[in-house]
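J.: what follows is a protein structure lacking sequence information:
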């Protein structure tokens with residue numbers, strides 16, 4: 001498939017990323033929320049090689065979710081595009097020190113991808129740091145890795161968490177062992193600050 005990013009400016013930093021830096025997996029798909037995706041993409045890119053993975057290696061369409069006047073639900077608008085580096089089927093969990101699951105509508109269908117579920121379960125089995133925000137909890141629920149864990153997410157995803165055996169907390173950010181969850185955009189700074197520390201702690205123990 002031809003990359004539709006031709007003719008567009010890339011969202012990737014101009015500097016080349018050293019392949020010797022620890023790798024963090026960033027999961028995307030069409031409908032991934034812009035801020036949920038790009039905030040960790042750039043924040044973690046300061047210290048790690050962020051590898052973007054999707055169902056296929058191609059360009060994905062990010063979206064903007066925002067409350068609007070006269071709307072009872074979140075309004076969705078087209079956002080930036082982001083290229084994936086690889087498909088889920090080609091991801092080997094052993095090559096990554098952590099993973100991020102953004103929100104948006106993408107998790108609604110990504111949770112049915114068997115290769116992604118394999119990767120999620122593998123990272124949890126290795127007790128590697130995992131960050132989830134907003135609808136990202138749907139992927140964790142489908143992977144059956146949150147039973148008995150305290151989690152947070154946006155209120156409308158509370159059912160997705162509790163039906164899969166998690167203990168829902170309404171706090172902005174909740175950590176349970178190797179997993180750290182955030183409700184939404186307003187909670188990103190603390191979410192990523194804690195997650196970056198989690199990765200560093202993991203590397204100090206296992207590197």
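T.: Cool, got the structure. Since we're looking at a predicted model, the values are computed, not measured. Numbering: from 1, shown residues only.

J.: the helices in the protein, which residues?
T.: 34-45, 107-110, 114-125, 137-143, 158-162, 188-206 (DSSP state H).

J.: report all helices and strands that the third one contacts.
T.: The helices and strands touching helix 114-125, judged by 3 or more Cβ pairs under 8 Å, 6 or more residues apart in numbering; DSSP states H and E, are strand 23-27, strand 98-101, strand 130-133, helix 137-143. Every residue, glycine included, has its C-beta placed from N, CA and C.

J.: gap between the longest one and the chain center?
T.: In terms of Cα atoms, centre = their mean, to the nearest Å, the centre of helix 137-143 is set 11 Å apart from its chain centre.

J.: mean confidence for stretch 146-164?
T.: For stretch 146-164, mean pLDDT is 96.

J.: tell me what angle the least confident helix or strand in the chain by mean pLDDT forms with strand 23-27.
T.: None of the helices or strands of the chain scores lower by mean pLDDT, DSSP states H and E than strand 75-83, at a mean of 85. Angle, strand 75-83 to strand 23-27, by axes from the mean of the first three to the mean of the last three Cα atoms, to 10 degrees: 140 degrees.

J.: give the buried residues for strand 75-83.
T.: Neighbour counts over strand 75-83 (16 or more other Cβ atoms under 10 Å) mark 79, 81-83 as buried.

J.: nearest to residue 172, of the helices of the chain?
T.: Of all those, helix 188-206 sits nearest to residue 172, with 6.6 Å by Cβ to Cβ.

J.: the closest one packs against which elements?
T.: In terms of contacts (3+ Cβ pairs under 8 Å, 6+ apart), helix 188-206 is packed against helix 34-45, strand 98-101, strand 130-133, strand 173-176, strand 179-182.

J.: which elements pack onto the fourth one?
T.: Under the contact criterion of 3+ Cβ pairs under 8 Å, 6+ apart, the helices and strands touching strand 173-176 comprise strand 150-151, strand 179-182, helix 188-206.

J.: each with direction, which strands does the shortest one pair with?
T.: Taking DSSP bridges as the criterion, strand 150-151 sits next to strand 167-168 (parallel) in its sheet.

J.: distance of the residue nearest to the spatial centre of the chain relative to residue 187?
T.: Per Cα atoms, centre = their mean, the C-alpha nearest to the average position across the chain is that of residue 101, at 1.8 Å. Counting by Cβ to Cβ, to the nearest Å, the separation of residue 101 from residue 187 is 15 Å.

J.: for residue 73, same thing?
T.: Taken as Cβ to Cβ, the span from residue 73 to residue 187 is 20 Å.

J.: so where's the chain shaky on pLDDT?
T.: For the chain, the stretches with pLDDT under 70 are 1-10, 12-19.

J.: against the centre of it, work out the most remote residue.
T.: residue 70 (30.0 Å).

J.: out of everything not next to it in sequence, what's closest to residue 176?
T.: Nearest in space to residue 176, with sequence neighbours left out and distances taken as Cβ to Cβ, 6 or more residues apart in numbering, is residue 149 at 4.1 Å.

J.: any idea how far the one you found is from residue 202?
T.: The gap separating residue 149 from residue 202 is 18 Å, by Cβ to Cβ.

J.: swap in residue 114?
T.: 26 Å.

J.: between those two, which one's more packed in?
T.: residue 202 (18 against 9; other Cβ atoms under 10 Å).
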